[in-house]
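J.: turn this into a structure:
(3 chains)
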Amino acid sequence: MTYTRTLLHPDASEPMPTLRLDSERLSVGEAHRWSVQTRTLRGGTQEGVDVVEINNGKLSFAVLPTRGMGIWKGQCGEIALGWDSPVKAPVHPNYVQSLENGGIGWLKGFNEWIVRCGLSSMGAPGADTIVDNNGNALEAFLPLHGNIANIPAHTVSIEITESEIVLRGEVLETMMFGPALRLQTEIRAAFGSGSLQILDTVTNMGDNPTEHELLFHVNYGAPLLEKDARFQAPFKQVAPRDPRAAEGMKDYDRYEAPCPGFVEQAYFFELAGKRGSRETLAMLSNASGEQASLLRFSLKDFPCFTLWKNTAGQKDGYVTGLEPATAYPNTRRFERERGRVLTLAGGESRTTKLVVEALETKKAIRAASAEIKALQKSAKGKVHPEAIARFSDI
Amino acid sequence: MTYTRTLLHPDASEPMPTLRLDSERLSVGEAHRWSVQTRTLRGGTQEGVDVVEINNGKLSFAVLPTRGMGIWKGQCGEIALGWDSPVKAPVHPNYVQSLENGGIGWLKGFNEWIVRCGLSSMGAPGADTIVDNNGNALEAFLPLHGNIANIPAHTVSIEITESEIVLRGEVLETMMFGPALRLQTEIRAAFGSGSLQILDTVTNMGDNPTEHELLFHVNYGAPLLEKDARFQAPFKQVAPRDPRAAEGMKDYDRYEAPCPGFVEQAYFFELAGKRGSRETLAMLSNASGEQASLLRFSLKDFPCFTLWKNTAGQKDGYVTGLEPATAYPNTRRFERERGRVLTLAGGESRTTKLVVEALETKKAIRAASAEIKALQKSAKGKVHPEAIARFSDI
Amino acid sequence: MTYTRTLLHPDASEPMPTLRLDSERLSVGEAHRWSVQTRTLRGGTQEGVDVVEINNGKLSFAVLPTRGMGIWKGQCGEIALGWDSPVKAPVHPNYVQSLENGGIGWLKGFNEWIVRCGLSSMGAPGADTIVDNNGNALEAFLPLHGNIANIPAHTVSIEITESEIVLRGEVLETMMFGPALRLQTEIRAAFGSGSLQILDTVTNMGDNPTEHELLFHVNYGAPLLEKDARFQAPFKQVAPRDPRAAEGMKDYDRYEAPCPGFVEQAYFFELAGKRGSRETLAMLSNASGEQASLLRFSLKDFPCFTLWKNTAGQKDGYVTGLEPATAYPNTRRFERERGRVLTLAGGESRTTKLVVEALETKKAIRAASAEIKALQKSAKGKVHPEAIARFSDI
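T.: Presented below is the predicted three-dimensional model:
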């Protein structure tokens, strides 16, 4: 049996309804204590932000259709998934002016556990050359991390099958004389599982080729992030982004306690994956090795990986980001020069899969660690002490 | 008998209601199957956009109070009025950041059949000198096509008489130390007629003189626009905007089939009008000469006319724009230098009329064509092969 | 007895309700004909703006939670408190793009009687150096008067005691890698009193020190402002902001009738206050000396005071601003150079009090005038004919 319900649709005459679906009310998946709860946030800059809270009986998480289908925060048993941003609640896109503060206005809305950057550009703010309506080169300033996190989904639906909960959403990043990109996302959570899958299909709805960048900013704070927490992933090479990151190269895979005034460090990885599928994994585990979050994805989908360490004061955003992406989060102009900006032909689609899992036992963490080590064996694991020209604008 | 109803008003305590008025429910205009339907769009960037759908028994069209009383699309018999933009649904002004992408953020909301550009500035983005609060010259960047399409009407009312439907709206483009312009528009559709009238009154509500520009961007796509579709208007002279447009000078009044990668071409006209009234007309007709849309206006109201040809790929926006205006859509600074920017004295109003008609028969189209030819007889019809300094910044 | 009610809260599932509380319905403060009325404005750019109208039996005023708890307008007996801006109704922050028009977009929403400027920066638009996420200096453009007037309160509550009405609101000005400032305001009005108190507490919620500026833009138009209206305050020194203001130095404390084309003049004061408490006062009185509005505050809270005279045409905004502040409304960069930008340590709070009173009798006005003169006796009262380097960027 399958239950489906449209939560939001352009043909509907009402906003997203507030409703609760669960295993007691619906005769589907009754073996699990699952629930789906929708609500709309009120007050301040969160006014009008829709939230879909999904609980698969083990893992719960809150999706934000209004913020491009990002995932605000999650919980799996004792593991809190997400972080504590200075931005306390989800921010409605209407309050984000991307060009503010020298192009980093995106940061006024940044507090999600999992947020997409893209779809047309992502990464550092900076000038780029675009083609204007007259076919002329136009110098345009591209703000931090693009648009997709600040575009609301126009269609959202939920499906409950005997085995899983699937939330689907569609987001349009379109503009006359600009990219016409459609994101169709499926967020899947099998009953009783500690993991969720994010299946994204990005389509160029236009006739002309268009550039495309996508980065998943997957963020963790305390208590999973703590002094002596650890990052692991199999890699061919890693390099610091800049001199500041180079300072931390010795312990780039270990974390410090919160330290007010700490300046962020970013590390660019070329990861190693399985032959053929090119599947890989990246893990953040706590100091005791009893809690972790694991990302699984293919390097075919996300050839570039960035580790962002911002072990600043707890109140300033003590956070680390695991960032599988199509490119490194430099300016798009730089990434294009390095050949890392994708192009989608007219009508072309690109599908990616990201699995995010919470690990609650030492055993599970050791198994993931062993898997990483096995992949590392056939990879060089080169650690560059300084930023390299292939990855950084040096 | 006359029926009137206020749909939106600053003193009201509720948003625009969803309602349907028609010839079956109201005892006015019963000889015609007219209807007025209001609704509010939901989901994505269309969330909260009010629509008023008017059907006079022959012509139907959808007005967008939330987008400055623009007209989204229309239908007259078999003639679809409007175009298929990459921007799929009306965009709420709150999602349009005019300064984005080098000042062409307006294009994120561009999909209407008829959209006003102005009221304080319109045309290409570019720097201009404005006077700041200290009386000093301030270099400000004016974005593409101004503000009016992204300001919601604060007052909207509908009137049904025995002969016509009249939708009225008021939009304020105001700012302390800036222009204080009020648009009062009447959109009139006589029962059973294939045409609508747009009567605009723009008032400078301030004490000081203020500059004013207004352009009607009237846009058509397939199927009315097609290979061998034709543009006709009586003119004294026409010149291409730039070298790109000059390339198409030979067939500037004919259209090509959709062609992905086609770069737009714009032609600036000095039209010819009747003596005295200075009334003129401009027509787009399809290849077979069986369908057309006709614009009627006075050169007193709109002395400048631009033809925009963008026969790009169907999915990229296959469209042509017929654009009666107070000036050419260059930067305001350039238009001022050429003496084409209007100034409204304190308290001064300016009223314009634009009639847009769908022609469904060869006979009607031939009649309009004959009317154009008659006006052409007394006008030189000079076709400049290259852009000229009077119209273009060359 | 005390009645309290939460009007808006992040945990609530509904927007602010429309409700009326008054002395007839509630058994508190029955000796006075007080009322509290909430409503949400509709249509145009005021759509969705919440208003809380408070009447303490003598003084009434309308607070705008949606605009950072500013006060739109007030009335005390025959004294209208506020002014007539070209911007006719409160503007929802979503329609204010701060960077527009060379960084003066704030003026599109400017029509309040009392509006805060700040919290991170205020004053003239201009470039400043901020620290970006990489710890690098980033040249950012700070728009006019900062953010706080365009951030909605996320929590609002009303309290009615036996002696007064207290409206509380909380507004967050936060950003990852940016300031994390919280404004908690209490607006208190004792029953039957002609004055209100604004008690603000601004807290740096972050771990790191952050800069802070706060200016109260308290604005008056006709009829209180009129030809021969008068400004009085005790001062150590006053200087014109610039040559334009210097032109009016002779009568800087007197007003002219509305004059279209008048260019604003601003005067920077170092006021004199009482020993110890450093309390001071500033008054605007009408020509006959029968109506006035009086501000009381401590120079500990607001060491800088600006008098803004904009006796332009009535329709262009005939207005004067009395502006107690932490600094002068120059660019933040300039104010920092002069040592006037505050720094709040991590976790630090700063509380200020501003009392605004309507005076309805010659007697009350003479008493205030005498109080000002008494304070003036021990202060030099130096009037600089030209702008001085201490206050202005000359």
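
J.: checking the closest residue to A:Lys108 other than its chain neighbours next. Helix, strand or coil?
T.: Of all residues not flanking A:Lys108 in the chain, C:Met175 sits nearest, at 4.7 Å (Cβ to Cβ, 6 or more residues apart in numbering or on different chains). (Glycine included, C-beta is placed from N, CA and C.) For C:Met175, the assignment made with DSSP: H, G, I helix; E, B strand; the rest coil gives coil.

J.: do you know how far C:Met175 is from B:Met283?
T.: Note on C:Met175: its distance to B:Met283, by Cβ to Cβ, to the nearest Å, is 53 Å.

J.: do the same with A:Thr155
T.: Separation of A:Thr155 from B:Met283 (Cβ to Cβ): 39 Å.

J.: got the contact list for the residue nearest to A:Lys108?
T.: Applying Cβ atoms under 8 Å, 6 or more residues apart in numbering or on different chains to C:Met175 gives the contacts A:Pro86, A:Val87, A:Asn101, A:Leu107, A:Lys108.

J.: what of A:Pro260?
T.: By Cβ under 8 Å, 6+ apart, A:Pro260 lies in contact with A:Ala312, A:Gly313, A:Lys315, A:Asp316, C:Asp207, C:Asn208, C:Gly346.

J.: try 6 Å this time
T.: With Cβ atoms under 6 Å, 6 or more residues apart in numbering or on different chains as the criterion, the residues that contact A:Pro260 are A:Gly313, C:Asp207, C:Asn208.

J.: most neighbours among those, which one?
T.: Among those, C:Asp207 has the most neighbours (other Cβ atoms under 10 Å in any protein chain shown), with 23 neighbours.

J.: test my guess that it contacts A:Asp316.
T.: Yes: between C:Asp207 and A:Asp316 there is a contact under Cβ atoms under 6 Å: 4.8 Å.

J.: as JSON lines, the contacts of A:Pro260 with distance to chain B, secondary structure and pLDDT would be great.
T.: Shown next, in JSON lines, are the contacts of A:Pro260 (distance: Cβ to the nearest Cβ, whole Å; DSSP: H, G, I helix; E, B strand; the rest coil; pLDDT from 0 to 100):
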{"residue": "A:Gly313", "distance to chain B": "32", "secondary structure": "coil", "pLDDT": "96"}
{"residue": "C:Asp207", "distance to chain B": "32", "secondary structure": "coil", "pLDDT": "94"}
{"residue": "C:Asn208", "distance to chain B": "29", "secondary structure": "coil", "pLDDT": "92"}
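
J.: could the contacts of C:Met175 go into CSV alongside secondary structure, distance to B:Leu271 and pLDDT?
T.: Shown next, in CSV, are those (DSSP: H, G, I helix; E, B strand; the rest coil; distance: Cβ to Cβ, whole Å; pLDDT from 0 to 100):
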residue, secondary structure, distance to B:Leu271, pLDDT
A:Pro86, coil, 58, 97
A:Val87, coil, 54, 98
A:Asn101, helix, 47, 89
A:Leu107, helix, 51, 97
A:Lys108, helix, 48, 97
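
J.: quick one: the helices in the stretch 1-150 of chain A?
T.: With helices called from DSSP state H, counting those that start in this stretch, the stretch 1-150 of chain A shows them at A:100-103.
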